[in-house]
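Visitor: just to be clear, the model below is a prediction. Sequence and coordinates:
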Amino acid sequence: MAKEQILVVDDEEDILELIKFNLSKEGYGVICAVTGEKAVEIARAELPDLIVLDLMLPGMDSLEVAKFLKHNPETQNIAIVMLTAKGEESDVVTGLELGADDYVTKPFSLKILLARVKAVLRRKAVEAPDQSEVVKIHDLVIHPGRREVKVDGSVVDLTFTEFGVLSYLVRRPGWVFTRSQIVDAVRGSDYFVTDRSVDVQIVGLRKKLGSMGKYIETVRSVGYRFKEA
């Protein structure tokens, strides 16, 4: 069976060839691009399983690429691993909020990059939701395939992370989840985030959901749950 297809995007030819060579050795199909515009074009045409995306690109930058792909129904489920340089922490956070799955800091170890790629693809295969299953509870409707949330019939604009947190809680109403469980479900166990970050996501969700926000309950000293009734 053929392995997954990976798109590598970097404007440095030597790095591009190095990553391509090592991914190919692992059996992956590899496509390359040196600009953000070309990356979007290839992603839409080929629908790769994962994109290794350098943060610093000429022309259309990587954050624009990530935003475009994650807001396009055809490409929103493509996994993204960002390559970043030290000192780009704010851009890393923005990228993760836009939907990137992980990041590796330059200069990087090829072993670490390959391990991250494998981990992200494994999570994608195991945790992929049923895109046809529409979730309805109270006056809330979640359509995973469209990444669409409606309250009382009106669409609510959520970030990638907010959508993931809400979907996770709603699929098991009444169950209490710790902050660590929420992080693991949305990003995977090797994604580092603080408890405070989860709290910030919950605050944002409650505000955006309006009347439905009250159903996201805080369970003191434990975590959160979505109230059944």
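Guide: Ah, there it is.

Visitor: give me the low-pLDDT residue ranges for the chain?
Guide: Within the chain, the segments meeting pLDDT under 70 span 1-2, 86-88, 125-132, 187-195, 229.

Visitor: pull the longest helix from it.
Guide: As assigned by DSSP state H, the longest helix anywhere in the chain is helix 110-127.

Visitor: what residue is smack in the middle of this protein?
Guide: Nearest to the geometric centre of the chain sits Gly99, at 3.3 Å (CA atoms, centre = their mean).

Visitor: so who does that residue touch?
Guide: Contacts for Gly99 (CB atoms under 8 Å, 6 or more residues apart in numbering) come out as Ala66, Leu69, Lys70, Gln76, Ile80, Phe160, Thr161. C-betas here are computed from N, CA, C, even on glycine.

Visitor: quick one on the thing from earlier: may I see the buried residues of the longest helix of the chain?
Guide: If you call a residue buried by 16 or more other CB atoms under 10 Å, then helix 110-127 has these buried ones: Leu113, Leu114, Arg116, Val117, Ala119, Val120, Leu121, Arg123, Lys124.

Visitor: tell me how far the fourth one lies from Arg123.
Guide: Meaning Val117. Between Val117 and Arg123 the computed distance is 11 Å (CB to CB, to the nearest Å).

Visitor: again with the third one
Guide: Arg116 sits 11 Å away from Arg123, going by CB to CB.

Visitor: how far off centre is stretch 56-69?
Guide: Mean-position distance between stretch 56-69 and its chain equals 15 Å (CA atoms, centre = their mean, to the nearest Å).

Visitor: do stretch 154-166 as well
Guide: Counting by CA atoms, centre = their mean, stretch 154-166 is centred 12 Å from the centre of its parent chain.

Visitor: now the element after the lengthiest strand in the chain, going C-ward?
Guide: Of all segments of type strand in the chain, defined using DSSP state E, the longest is strand 79-85. Remark: after strand 79-85, the chain's next helix or strand is helix 89-98, criterion DSSP states H and E.

Visitor: so the next helix or strand after that next one versus helix 110-127, what angle?
Guide: Reading on from helix 89-98 to the C-terminus, the next helix or strand found by DSSP H and E is strand 102-106. Counting by axes from the mean of the first three to the mean of the last three CA atoms, to 10 degrees, strand 102-106 lies at 170 degrees to helix 110-127.
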